[in-house]
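Colleague: Structure for this input, please:
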Amino acid sequence: MEIPLEARGAIGALSDPFLTKGRLLFRQTPADYDFTWHNAPERQLIVCLDADVEVTVSDGERRVIRAGEIFSVEDVTGRGHISRAVDGKTRRSLFIPY
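Modeller: Numbering: from 1, shown residues only. Below is the predicted model:
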């Protein structure tokens with residue numbers, strides 16, 4: 001997901017406000033997780049806080065989302081996606097429904 005940023009002087013570049021559903025969820029996933037096909041419960045941004053996750057989407061594309069990266073999950077219907085632990089690490093993440 002590309003989020004445009006605008007230079008705001010000495011404080012850096014900022015995005016426009018991003019509308020959410022007003023709540024945040026934190027999650028800890030075990031180091032050996034391997035979740036088969038499932039759907040997101042709702043549209044959400046996921047921030048990988050400290051470990052990577054491998055995600056396979058319904059068209060077969062497989063990506064590793066690295067710690068510190070943010071990705072958008074919108075597959076609330078259809079086949080969904082697979083998510084797996086990378087390098088046997090427990091993963092902490094932040095979910096931001098929108």
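Colleague: looking at this protein, which helix or strand is least sure?
Modeller: Every helix and strand of the chain was ranked by mean pLDDT, DSSP states H and E. The lowest is strand 13-14, at a mean of 88.
Colleague: Point out the other helices and strands that it packs with.
Modeller: Counting by 3 or more C-beta pairs under 8 Å, 6 or more residues apart in numbering; DSSP states H and E, the packing neighbours recorded for strand 13-14 are strand 6-7. Yep, even glycine has a C-beta here, placed from its N, CA and C like the rest.
Colleague: if we look at the strand it packs on, which residues are touching it?
Modeller: The contact list for strand 6-7 (C-beta atoms under 8 Å, 6 or more residues apart in numbering) reads 13-16.
Colleague: go with 6 Å
Modeller: A13 (C-beta atoms under 6 Å, 6 or more residues apart in numbering).
Colleague: Describe which strands that strand pairs with in its sheet and in which direction.
Modeller: Strand 6-7 pairs in its sheet with strand 13-14 (antiparallel), by DSSP bridges.
Colleague: Paired strands for the helix or strand that the partner strand is followed by, with orientation please.
Modeller: Later in the chain than strand 13-14, the nearest helix or strand by DSSP states H and E is strand 25-29. Here strand 25-29 is paired, per DSSP bridges, with strand 91-97 (antiparallel).
Colleague: Phi first, then psi, for G9.
Modeller: Note on G9: its backbone torsions stand at phi 80, psi -140 [degrees, to the nearest 10].
Colleague: neighbours of it, just the number please.
Modeller: For G9, the neighbour count with other C-beta atoms under 10 Å is 6.
Colleague: So it versus S15, what's the distance?
Modeller: Distance of G9 to S15, given as C-beta to C-beta, to the nearest Å: 15 Å.
Colleague: same question, T56
Modeller: T56 sits 29 Å away from S15, going by C-beta to C-beta.
Colleague: more crowded one of those two?
Modeller: Taking neighbours as other C-beta under 10 Å, T56 and S15 compare with T56 leading, 15 against 9.
Colleague: Can you tell me which residue sits nearest the middle of the protein?
Modeller: A centroid search over the chain (C-alpha atoms, centre = their mean) returns I46, at 2.5 Å, as the residue closest to the centre.
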